[in-house]
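Student: Build me a model from this:
(one chain, ligands or ions: 1)
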Amino acid sequence: MHLFDYTRETVSLDGEWEAIPDQYEVFEEHPIANSFALPQAPEDDLLNFDVDDGYSIQVPSCLGEAVPEFRHYEGWVWYTRRFTWSGPRDADRTFLRFGAVNYEATVWLNGERLGSHEGGYTPFAFEVTDYLEEGDNVLVVRADNERREDGVPDEQTDWFNFGGIQRSVELVPVPETFIRNYKVETTLADGQVDVRVSAWTDGPDAGDSVSVRLPELDREAELSSVGDGRYSTELSLQTDAVTLWSPTSPRLYRIVLECGADAIEDRIGLRDVRVRDGEVLLNGERLWLRGVSLHEEAAGKGRALDATDVETRFQWLNELDCNFARLAHYPHTREMARTADEEGILLWEEVPAYWDVDFGDDDVQELYRQQLRELVQRDWNRPSVLLWSIANETDHEDATRNRVLPEIAEFVRKLDDSRLVTAACFADEIDDGVVVQDSLVDSLDVIGINEYYGWYHGDAADIAAFRGHPDGIPVIVSEVGAGAKWGHHGPEDQRWTEEFQAAVYRDQIDAIEDNEQISGMTPWVLFDFRSPSRQNPYQRGYNRKGLLDQRGRKKKAFYLLEEFYRDENE
Ligand code: GCU
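Tutor: You can find the predicted model right below:
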């Protein structure tokens with residue numbers, strides 16, 4: 001179960017660490033990893049590897065961005081952080097939490113091997129209560145961003161494989177019995193909002209001492225044990241006594257959960273999400289999703305975004321008059337969903353089950369479920385999260401994939417049935433139109449189709465022939481777009497010009513706008529991003545389908561999409 005710590009008092013270990021690349025994996029017997037005291041060599045300068053004398057690096061960061069000589073490095077990196085612990089006296093237990101390490105992390109504290117975690121974009125934590133020392137401590141992390149055939153994702157992606165400790169590291173002191181995580185599910189029915197509140201305790205039996213308060217609504221309740229450390233209750237609120245959360249009114253309410261000596265608080269939104277008769281409904285109102293896709297990348301920082309980077313991408317989303325965004329192709333920093341809650345932007349979130357992941361491998365399936373569980377349990381209280389996406393452009397003619405992915409869709413619903421399940425699928429051309437022939441869609445609440453008419457094939461207006469799903473499952477165009485190098489101009493039939501890209505957007509928008517079968521779109525992509533497989537003279541290591549370039553300079557197509565969304569929103 002995810003360790004909720006967002007509003008807890010934590011001790012940050014961000015800041016200056018030492019990092020030593022170990023491409024030939026020769027430092028496996030890393031002296032400090034396996035024993036606290038570094039054996040003193042006869043002459044220290046004979047050592048080829050001294051944990052305290054690596055490349056000084058800021059954490060969080062991406063190695064190749066922080067230490068340019070390792071811009072294209074993939075492999076082991078030994079990170080070391082010495083710190084003095086004089087943690088809160090009243091903390092009975094302490095956890096060590098990582099926001100994300102790409103791709104696999106193995107962690108030692110004071111020579112004790114705490115464990116390892118695979119998956120480059122989701123949080124993980126180890127209990128360190130028994131390993132923390134009063135005074136000096138040494139934390140060692142071996143981060144390995146080598147791409148792998150049995151990974152999620154596998155070796156082939158259309159994004160750059162930034163490595164390192166990319167999100168924050170902190171110590172989380174907690175009481176002996178504490179609330180590990182909580183969950184709020186809200187549904188609208190008969191003029192009232194039903195709010196189911198669950199909490200998971202960790203530690204000796206909490207008895208019947210778990211309670212919830214919604215101070216602004218003057219409501220509180222006791223949660224009852226339902227076994228396995230889970231507690232639950234249901235509150236009903238009169239709809240006219242609350243402000244429902246929506247893009248036009250992103251009202252958040254304070255929630256406080258208490259259990260004995262422990263208390264956590266957060267901000268939640270009350271809203272109802274469902275699909276009906278081919279439409280996506282929020283609080284019973286039909287939604288047309290004015291979105292855009294984006295990677296998690298900032299020039300010079302890789303994926304280690306800071307608050308200003310998050311703020312900048314929401315400025316662009318608001319300039320476009322978006323009410324929706326697709327956070328592709330992996331879990332982004334938790335600040336994105338928290339900011340989307342405040343800004344009123346609905347989200348599509350996903351794990352990197354991308355292209356040719358080996359779905360038949362049992363370990364891959366376990367890793368796939370692990371990453372989904374870590375994402376869902378981190379963000380399942382965010383009102384902005386509308387869709388959990390389970391895959392992107394996976395082979396709909398592969399029998400194993402067609403067996404496994406419907407099971408995964410059910411796995412996600414068991415984790416959280418208060419949101420919708422989707423996937424980005426291919427659209428197929430048949431004699432008299434464009435359809436989705438992917439059997440997976442029967443397991444989805446909303447179908448995403450990635451179509452590149454006007455760029456990879458056909459003419460941009462061909463999407464007009466899209467016939468929707470026979471059973472009326474709502475469809476959104478999860479990718480559509482064209483490449484352009486910012487500042488490169490020419491006639492609109494000349495590829496890679498801003499004019500060509502704008503013409504594709506113009507014709508696609510005209511066709512999509514008139515197609516009743518389509519409930520929204522997230523064009524590919526908000527800004528240019530690094531991709532090693534994009535190397536023609538216009539690309540030079542970047543995918544250039546951005547509406548802005550990697551430096552935030554707008555291309556002509558940005559203004560076309562902005563105009564369409566503003567008209568749509570009138
Ligand atoms: C694919 C894929 C994206 C990729 C894009 C492109 O559909 O989902 O990750 O970047 O198309 O070709 O640019």
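
Student: contacts and neighbour counts: CA atoms only from here.
Tutor: Will do.

Student: Show me which residues of the chain sit near the ligand.
Tutor: Within the chain, the positions near the ligand by Cα under 6 Å from any ligand atom are D158, N392, N450.

Student: what about 8 Å?
Tutor: 157-159, 328-329, 354-355, 392-393, 424, 450-451, 479, 481-483, 524, 543-545 (Cα under 8 Å from any ligand atom).

Student: Would you mind checking the residues you listed for buried ones?
Tutor: 157-159, 328-329, 354-355, 392-393, 424, 450-451, 479, 481-483, 524, 543-545 (16 or more other Cα atoms under 10 Å).

Student: ok, P68 - how many residues close by?
Tutor: 11 (other Cα atoms under 10 Å).

Student: Q238 too?
Tutor: Residues near Q238, counting by other Cα under 10 Å: 13.

Student: Could you check how many residues crowd around F126?
Tutor: 17.

Student: One more: the one 3 residues further on?
Tutor: A total of 15 residues lie near T129 under the criterion other Cα under 10 Å.

Student: what separates it from D218, distance-wise?
Tutor: 37 Å (Cα to Cα, to the nearest Å).

Student: just R93 next, same as before
Tutor: R93 is 32 Å from D218, by Cα to Cα.

Student: In terms of neighbours, single out the busier of those two.
Tutor: R93 (18 against 7).

Student: dump the residue contacts of D150.
Tutor: D150 makes contact with V357, D358, D361, V364, according to Cα atoms under 8 Å, 6 or more residues apart in numbering.

Student: got a list of what the first one touches?
Tutor: Under the criterion of Cα under 8 Å, 6+ apart, the neighbours of V357 are E149, D150, G151, V152, P153, D154, T394.

Student: per the record, what domains does this protein have?
Tutor: Recorded structural domains for the chain (assignment: automatic domain parsing) are 11-174, 178-260, 275-568.

Student: Would you convert those into a markdown table that also reports mean pLDDT and distance to I268?
Tutor: Output for the domains of the chain, formatted as a markdown table (pLDDT from 0 to 100; distance: least, Cα to Cα, whole Å):
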| stretch | mean pLDDT | distance to I268 |
| --- | --- | --- |
| domain 11-174 | 89 | 20 |
| domain 178-260 | 95 | 5 |
| domain 275-568 | 97 | 6 |
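
Student: Can I get those domains in TSV including distance to H2?
Tutor: Supplementary listing: these in TSV, determined by distance: least, Cα to Cα, whole Å:
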stretch	distance to H2
domain 11-174	8
domain 178-260	6
domain 275-568	6
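
Student: State the three-state secondary structure for V310.
Tutor: helix (DSSP: H, G, I helix; E, B strand; the rest coil).

Student: hang on, the earlier thing: in strands only, show me the residues of the chain next to the ligand.
Tutor: When the residues of the chain next to the ligand are checked against strands (DSSP state E), the matches are N392, A424, N450, E479, N543.

Student: Select, from those, the two members most distant in space.
Tutor: A424 and N543 (18.8 Å; Cα to Cα).

Student: returning to that earlier point: mind putting the ones in strands among the residues of the chain next to the ligand into a markdown table with distance to L372?
Tutor: Listed next are these as a markdown table, based on distance: Cα to Cα, whole Å:
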| residue | distance to L372 |
| --- | --- |
| N392 | 14 |
| A424 | 16 |
| N450 | 22 |
| E479 | 22 |
| N543 | 27 |
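
Student: wait, which of those residues is closest to Q535?
Tutor: Of these, the one sitting nearest to Q535 (Cα to Cα) turns out to be N543, at 8.7 Å.

Student: those strands in the stretch 401-550 of the chain, which residues are they?
Tutor: According to DSSP state E, counting those that start in this stretch, the stretch 401-550 of the chain carries its strands in the segments 420-426, 428-430, 433-435, 446-450, 475-479, 518-521, 529-530, 542-543.

Student: Need the nearest residue in space to the closest residue to the ligand within the chain, chain neighbours excluded.
Tutor: Distances between the chain and the ligand by Cα to the nearest ligand atom are smallest at D158, namely 5.1 Å. Leaving aside its sequence neighbours, D158 sits nearest to S531 (Cα to Cα, 6 or more residues apart in numbering; 5.5 Å).

Student: Would you point out which residue is most central in the protein?
Tutor: P331 (1.6 Å; Cα atoms, centre = their mean).

Student: Remind me which helix or strand it belongs to.
Tutor: Assigned by DSSP states H and E, P331 belongs to no helix or strand.

Student: Now do the contacts for it.
Tutor: Y121, T122, E349, E350, V351, L375.

Student: Kindly recompute the last result at 10 Å.
Tutor: 100, 120-123, 295-296, 348-352, 371-372, 374-376, 378-379 (Cα atoms under 10 Å, 6 or more residues apart in numbering).

Student: How about Y565?
Tutor: So Y565 contacts L289, R290, G291, E319, L320, D321, C322, N323, I509, Y559 (Cα under 10 Å, 6+ apart).

Student: Buried ones only from those, please, as a ChimeraX command.
Tutor: Selection of buried members from the contacts of Y565 for ChimeraX, criterion 16+ other Cα under 10 Å:
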select :289,290,291,320,321,322,323,509
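
Student: which residue packs closest to the residue nearest to the centre of the chain, ignoring adjacent ones?
Tutor: Y121 (5.5 Å).

Student: Repeat that for Q494.
Tutor: In space, Q494 is closest to F500, 5.9 Å off (Cα to Cα, 6+ apart).

Student: unless I'm mixing things up, T122 is touching Y330, no?
Tutor: Yes. Contact status for T122 versus Y330: in contact at 8.8 Å, counting by Cα atoms under 10 Å.

Student: Those two: which has the busier surroundings?
Tutor: T122 (28 against 25).

Student: How about the secondary structure of that one?
Tutor: Once three-state DSSP is applied, T122 turns out coil.

Student: Phi first, then psi, for it.
Tutor: phi -130, psi 150 (degrees, to the nearest 10).

Student: neighbours of the closest residue to it other than its chain neighbours, just the number please.
Tutor: Nearest non-adjacent residue to T122, counting by Cα to Cα, 6+ apart: A100, 5.2 Å away. Residues within reach of A100, counting by other Cα under 10 Å, total 27.

Student: Next, the contact list for A100, please.
Tutor: 60, 117-124, 164-169, 304, 331-333.

Student: Filter the contacts of P331 down to the buried ones.
Tutor: With burial judged by 16+ other Cα under 10 Å, the buried subset of those is 100, 120-123, 295-296, 348-352, 371-372, 374-376, 378-379.

Student: is it true that D190 touches N283?
Tutor: No. At 11.8 Å, D190 and N283 do not qualify as touching, with contact defined as Cα under 10 Å.

Student: Would you mind telling me which of these two has the busier surroundings?
Tutor: For D190 versus N283, the count of surrounding residues by other Cα under 10 Å is larger for N283: 19 against 8.

Student: I'd guessed that one sits against V273; true?
Tutor: Yes. Using Cα under 10 Å, N283 is in contact with V273, at 6.4 Å.

Student: Please enumerate the shared neighbours of the two.
Tutor: If you check N283 and V273 against Cα under 10 Å, 6+ apart, the residues they both contact are T187, L188.

Student: Narrow the contacts of Y565 to those in helices?
Tutor: Of the contacts of Y565, the ones assigned to helices by DSSP state H are E319, I509, Y559.

Student: now the last one: how far from E319?
Tutor: Just to be clear, that refers to Y559. Where E319 is concerned, Y559 sits at a distance of 9 Å (Cα to Cα).

Student: returning to that earlier point: quick one: the residue nearest to Q494 and T201, what's the gap?
Tutor: On the measure of Cα to Cα, F500 and T201 end up 56 Å apart.

Student: what does A241 give?
Tutor: 31 Å.

Student: between these two, which one's more packed in?
Tutor: Shown here are A241 and T201; by other Cα under 10 Å, T201 has more neighbours (22 against 10).

Student: Am I right that the more buried one is in a strand?
Tutor: Yes. Residue state for T201 (three-state DSSP) corresponds to a strand.

Student: tell me which element the residue nearest to it when sequence neighbours are not counted falls in.
Tutor: Closest residue to T201 apart from its sequence neighbours, by Cα to Cα, 6+ apart: I179 at 4.4 Å. Per DSSP H and E, I179 falls inside strand 178-189.
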